[in-house]
Each structure stands twice: as structure tokens, then as C-alpha cells.
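>>> Structure for this input, please:
(2 chains)
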Amino acid sequence: MSITLTRRAALLAGLAAPAFAPSLARAQRAGSVTTAIYPGAWEEAFRELVAPPLKRQHNIELEMQGLFAVDQIAKFAASRGAPPFDCFVLDPGPRITAIDRGMFEKFEVSKLTSRAALPGMLVDDWGVGCNAQVVGVAYNPKKLPKPTGYADLLKDPWVSRLGLTGFGTTFGTVSLIELAKVFGGSETNIEPALAELKKVLPKIAAVSSPAALPGLFQQGQCDVIYTNTQTVTTLKDRGVDIEFAVPSTGATAFFTTLHIAKGCENIENAYKYIDIVVGRAVQDALQKAPYNFVPVNTGVPLGAGLPMKSLAEMSSFNTHDWSKINPLRGGWIERFNREMAK
Amino acid sequence: MRSTWGLAAPLVAPLGLAYAAFFVAPLLMLFAVSFYADDRMTVLGLGQWQRFLGDAFHWKVIGNTVLLGLKTVAATLLLGLPLALAYRAASPGWQRVLLFVVVMPLLTSVVVRTFAWIVILGREGVVNQMVMGLGLAADPLRLLQTELGLVISLTQIEMPLLLLPLLSVMARIDPNLMDASASLGASPWRTLFRVILPLAAPGIAAGCLLVFASSTTAFISQSVIGGERLVYLPAMVWQQAMVVANWPFAATAAIALLVSVSAVIAVIATAGRIAGGRIHG
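A predicted model of the protein is given here:
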């Protein structure tokens, strides 16, 4: 018996193919792991530095889905029990949301070969940190004296050269909380920061989207910003005059974390992938230019541009409880829009 | 004999189905999502609409977004129309050169063009260096993060969208009509306003429509050049969808953007039809 495939049948088959694609994709997963990853630098870094050793050491293909944190949570929620990827990568706010919604498998750090090199503050029942962020003030030393803290940002000569960003990012949110604390606010009360910013608003050089802020600094539109060490190192590598200053109230730290998706069918592969990411070799490579990650493995010597000599020192840095921040953040974003709008 | 529709249906079907699946269906979903009262999308209600429409700040944002589009349309028209007239009067060789110059910006990504404007308008940018070099100002002018700077950059970024339909209509105007107008005693200005512009009205309307739609939704330019002191609807949709994860409110803001932009587009299209109809009708 012969099968005659007409053009119409071929067309129908072509149209129907996407419907079967997920099951085909899952069938091919035996030697692979699928991770959600932030689009851009993270995706490039993991393709270049994580995928090759994972393939070499465990014969596991790394498949990546470029998704922002909100997309990861939305895509998982829409998948109804069949996770679209095996691993999440999340910042603290979305991490809390995902824990609340039961999106993670319990995490067993004992399955990681590099567990002994990971500081205890990085590991919990839900996942492990893979990148630290240290937030403080960055300034152009050729144009401004070193600011001592967040309060200086709202005084001359810094205020007229200040570039600021709102609650759209984790670093922006924690910086504005720290600014609020200086003026009597708290982790849940950012009103003092907004009130003080409002007083000096006409003087402020730039109120920018977070993505544009490094570019504005590079072009001299602003000469002092709050940001993380990663941005400072990256700009420095490009020859920009920029230095990191630890505020008198202390630097702020938070971690980007890896998690295994609830219902993941490749749990062993997922652990091997995570083990490679937090392992010494990959962490060392991620710390170097152009990615400039802050490593989480104690076996990796910390770069010169960081305000601490060891990861243990980070336990004294300012940290924040995102289970308190998350419910308020939407309102803060609106408040910032209103207060900053002309 | 099969009707024209019967013959055309199989040809139209692929695009029609694609539109239905990837445009109409998501649009209906967007409307549906806006009628959830909570951000987890569990309870139906009009809460998002009440919150959006009952707040004067949101109306101000709608107004600013529409106004930005209108200012950009006015600026592109002011600069584009003389160029289109020069194009009409130019020799075929020069017309090709002008067309290349008009199309050239489209060969560069809008992101690159937007970031280039930071270099041009910045405190230490080309414009400020020139102004201060000529002694016209003691301190650098603030052009970035102002509506003026945003309109200037959008005018350049959106200019091809005005010029391409306009040049195509201009090229089709019969030169004999201008000669006839002149021989009947009309001055060049009268010829411009009574003959050329009415004949070019469909192209002007099409160009204005594209520029307006594109500039009101130019999220990258608005964010990068305008900054967060200028709040427009696209940035608000992004914040609510991607940062706050309140999709129902983001859907409500997105529909507000769609409706307000569509309303102005309808007015521009009607004005173009009326102006064109005066000569074509």
C-alpha cells in the first residue's frame, strides 16, 4: 500500500504540527534540561559558559527559554501541572511570589557537589543563589566628590548630577527603601523618600528607566546614581570614569536564585545543571568581563571592584524581606509615577 | 460560474486565519482579561475599569500620550511637506537620491536610532557642545528627558513613515495640472493650497496616521529619551504587565491606549477623506 501525500494533506500536517510539538519536545528531553533564563546578558553568559561544561561533564544539552521573571511565573501558572521548563531563575520579589504559589520542588542542597563552597545564606528549602548583587552608590570621581551616603544624593553638588530610577527593578526598589530609611522611613514605608525627592525634583539631572541609566551615566547626563557593582564594573571596563561607594548606612545585598519547577521530570538533570552553575569554574568565568557577576562560590576569589573581601561579609549587608515588599510594590510604582511626573 | 468571493476565499484564508488566530483572538483575550477584578484573575468585575477611569492621573496620561502623537505629527508634517514638494519638483535622478535618503533611517534599528539621540541631545552631546561652543548658552541646555527632546527625536525617527506614502502620492500628481493652474492665473501659493495639497491629501493623511500611531506607541523612545518624568500609556502597560504582574490593569491600560489612538486615527482618516474628496469627489 502506498501513501499519497497531497499538497493539501501536507499543508494540514504542517498546520497540525505545532499541536504535537510540546509532546515531541518532551520526548527529546532525556539528555537535556530546560531552564528559564533572563533574556540578554544572562542568556549569552549561560550559552557560552554553562552549556559547554554541562554537555562535556554530563552529556546534558542545556535548552534555554528567554523569559523575564514575571513571564516565568505566568508561563508556569498557565501550564497547569506540565511545567514548560525545569528550572527558574528569579530575583527575590518574584521568588517569594513563586514560593507562595507552590511553583518549586523542595530543594536538596545535598545533591550539589559544590554544597560545601556555598554560604549558608544562599541556600534554603526552595533553591540556591547563583549570583549576588551588591547595591550602593556609583559616582564619577572626576566630576564629584565621593558621597558618604544616600542623604548626600539629595544635596549639592550631587543632586543636580543625580540620575535615579524607580521601583521597576530590584536594585531601584532596595535603594529607594534605603533612602527612605535615612529620612525615617522603613522597609514598608517609602513615603519619606518620595517626599524628599519631590523637594529636589527640579534639580535632579535624570529620572530614567533602569535600562537607560548606564547609558545616561556614560554620556555624562548624570554623574551619580544608585546601582549594583556589576554595572559599575561593566562601565569601568568600557573606560567610563566611575567608582562604587558604600553608603554610610551600608551596602545592600540580594541574590538571584535558581529553583526546580514543581512537577519537573528531569530532576536529576536539573540538579546537575544547578551544580555546574554554582560550581567554582563557572562562577569564576561568570565573574570575568563582560558578564561581571558577583560569584556565590567561596572557592572563587572576589574581584577587586567589590566592597567585601569574602562572601561571609555579605551577611552584614542590608537585606530586605520581599514578602513584605511584594504586596506594596505595585502601589509604590504608581506613587513614583505620580510624584515624578511633570 | 463561481463568484469572485468563491475564487478569492482560498487565497484570503491563510492570512485571514493568521489574523484571526494571532490578532483578533489575543485582542478578545485582552478585553476579557481587563474584566477580572483581581491581579490573580480569579474574580470577574469592573474594578480595573473603575480604578483606571476614576483616576484623573490616568486621564492626564492618556492626554499626554495623544498630545505627544499630535506634536510629532505636526513636526514631521512641517519638515516633511517641503521635502515632499522638493521631491515632486526634482528630476528623476534627484528623486532617487531623495528617496534613498528618506528610506536610509529605516535600515537602522529604532533602538540604535533612539540611543543615538542620547548622544546628540545629552548634556555633553553634539547640540550642547555646539550651543556652548558658539557662546549661545553658559550652561548646557536640558534636552534629554524633556518633551521637546522627545518630539525632536521622534520627528526624525518617524519621518520615513510620513514621507513614504506622501512621496508616492506626490509622484502621481499630473504636472499639467500645475501648468493649467498657473495659466489660469493662480499664484504658486494658490496652486499649492488649491491643487497640490488637496491632491496630496490621501498621502498626507496616510502618513500622519502612521506617524501618530507609531509615536504614541513608541515605548523605547518614550522610555529612553523621555525618561520617567514623562509618563505615557505604553510605559504604564509595561510596568503593570512586567513589573507589578497586574495583567488585568495592564489590559485595561492597553485598551485605553488602543481606543484613544484609534479615535484620533479615525479623525485623521476622515479629515484626509474630506480634504481629498473636495478635489476627487
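
>>> quick one: the strands in the stretch 51-200 of chain A?
A:61-66, A:87-90, A:128-139, A:162-164 (DSSP state E, counting those that start in this stretch).

>>> Dump the ones you listed into JSON lines; add mean neighbour count, distance to chain B and mean pLDDT as well.
Yep, even glycine has a C-beta here, placed from its N, CA and C like the rest. Below are those laid out as JSON lines (neighbours: other Cβ atoms under 10 Å in any protein chain shown; distance: least, Cβ to the nearest Cβ, whole Å; pLDDT from 0 to 100):
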{"stretch": "strand A:61-66", "mean neighbour count": "17", "distance to chain B": "14", "mean pLDDT": "95"}
{"stretch": "strand A:87-90", "mean neighbour count": "27", "distance to chain B": "12", "mean pLDDT": "97"}
{"stretch": "strand A:128-139", "mean neighbour count": "24", "distance to chain B": "16", "mean pLDDT": "95"}
{"stretch": "strand A:162-164", "mean neighbour count": "26", "distance to chain B": "8", "mean pLDDT": "94"}
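
>>> mind giving me TSV with those and columns for distance to residue B:206?
Shown next, in TSV, are these (distance: least, Cβ to Cβ, whole Å):
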stretch	distance to residue B:206
strand A:61-66	36
strand A:87-90	45
strand A:128-139	47
strand A:162-164	40
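
>>> where along the chain do the helices fall?
Answering for chain A, as no chain was given. Per DSSP state H, chain A carries helices over the ranges A:7-27, A:41-49, A:51-58, A:69-79, A:92-100, A:170-182, A:191-200, A:213-218, A:229-237, A:267-278, A:280-287, A:322-340.

>>> meant chain B, my bad for not saying
Under DSSP H, chain B gives helices at B:4-19, B:25-33, B:47-53, B:56-89, B:92-103, B:110-121, B:126-133, B:147-171, B:175-183, B:188-191, B:197-216, B:219-221, B:233-238, B:247-280.

>>> In TSV, list those along with mean neighbour count.
Below are the helices of chain B laid out as TSV (neighbours: other Cβ atoms under 10 Å in any protein chain shown):
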stretch	mean neighbour count
helix B:4-19	10
helix B:25-33	13
helix B:47-53	17
helix B:56-89	18
helix B:92-103	13
helix B:110-121	17
helix B:126-133	14
helix B:147-171	22
helix B:175-183	13
helix B:188-191	12
helix B:197-216	23
helix B:219-221	19
helix B:233-238	22
helix B:247-280	18
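
>>> Among those, single out whichever gets nearest to residue A:315.
helix B:233-238 (35.2 Å; Cβ to Cβ).

>>> Now the closest one - C-alpha only, PDB.
Only the C-alpha atoms of helix B:233-238 are listed here, as PDB (Å, rounded to 0.1, in the frame of the first residue of the first chain):
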ATOM      1  CA  LEU B 233       0.500  54.800  28.300                       C
ATOM      2  CA  PRO B 234       2.900  52.300  26.800                       C
ATOM      3  CA  ALA B 235       5.300  52.600  29.800                       C
ATOM      4  CA  MET B 236       2.300  52.200  32.200                       C
ATOM      5  CA  VAL B 237       1.200  49.000  30.300                       C
ATOM      6  CA  TRP B 238       4.800  47.600  30.600                       C
END
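
>>> What is it packed up against?
helix B:56-89, helix B:219-221, helix B:247-280 (3 or more Cβ pairs under 8 Å, 6 or more residues apart in numbering or on different chains; DSSP states H and E).

>>> Repeat the analysis, applying 10 Å as the threshold.
Applying 3 or more Cβ pairs under 10 Å, 6 or more residues apart in numbering or on different chains; DSSP states H and E, one finds that helix B:233-238 contacts helix A:322-340, helix B:56-89, helix B:219-221, helix B:247-280.
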